[in-house]
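> sequence plus predicted model, see below.
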Amino acid sequence: MGIEKTDSLLRLRLMKKEKLKGLLIIERDKLASKTFEELSKMEFPITYQVGSIKNKDFYQFEIDIAEKTNEYIDIIISIDDGSLWRSLCPITTGFIVYKNGKVVKYKGRNDDLEM
């Protein structure tokens, strides 16, 4: 494989990773707007797919509880594009919602997501 083709593939992968991060941040912020009570009533894990494999615009989300106490809920969200590598190592982020309404968003374990 030539240097130009390798460089092009790398740029494409990085662009896709940035798109996945953006989608993940949107989903995190949407869920983080829910109250402690709303999240407490939800059944986890939640998994769903968006897009189409045929159109090469396919993403899988998984949402789960890392920890739940009487005072807070810690939620983990991950996204992958269905590829083997991303399925084994999805991009992740999460947040903690406290009963008093405070929300703390945190960075993903292996990526530089916005706080």
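On my side now, so go ahead.

> list the contacts of Lys56.
Shown in contact with Lys56 (C-beta atoms under 8 Å, 6 or more residues apart in numbering): no residues. In short, each C-beta sits where N, CA and C put it, glycine included.

> next one: phi and psi at it?
Here is the backbone geometry of Lys56 (degrees, to the nearest 10): phi 60, psi 40.

> next one: it from Gly82, what distance?
According to C-beta to C-beta, to the nearest Å, Lys56 stands 10 Å off from Gly82.

> same check on Ala66?
Counting by C-beta to C-beta, the gap from Ala66 to Gly82 is 24 Å.

> again with Lys102
As for Lys102, its distance to Gly82 is 35 Å (criterion: C-beta to C-beta).

> the two - which one has more neighbours?
Neighbours per residue, other C-beta atoms under 10 Å: of Lys102 and Gly82, the larger number sits with Gly82, 13 against 10.

> now the helices: where do they sit in the chain?
Taking DSSP state H as the test, the helices found in the chain are 3-32, 36-41, 84-88.

> contact partners for Tyr106?
Residues in contact with Tyr106 (C-beta under 8 Å, 6+ apart) are 93-96, 115.

> most surrounded residue in those residues?
The residue in the contacts of Tyr106 with the most neighbours, by other C-beta under 10 Å, is Thr93 (25 neighbours).

> that one pairs with what?
Thr93 forms beta bridges with Ile77, as assigned by DSSP bridges.

> gap between it and Lys102?
Taken as C-beta to C-beta, the span from Thr93 to Lys102 is 18 Å.

> also Glu71?
In terms of C-beta to C-beta, Glu71 sits 10 Å off from Lys102.

> quick one: pLDDT of Phe36?
Looking at Phe36, its pLDDT is 97.

> not counting sequence-adjacent ones, nearest residue to the residue nearest the centre of the chain?
Central residue of the chain (C-alpha atoms, centre = their mean): Ser78, 3.4 Å from the mean position. Once flanking residues are discounted, Ser78 sits nearest to Pro90: 4.0 Å by C-beta to C-beta, 6 or more residues apart in numbering.

> fine by me, thanks again.
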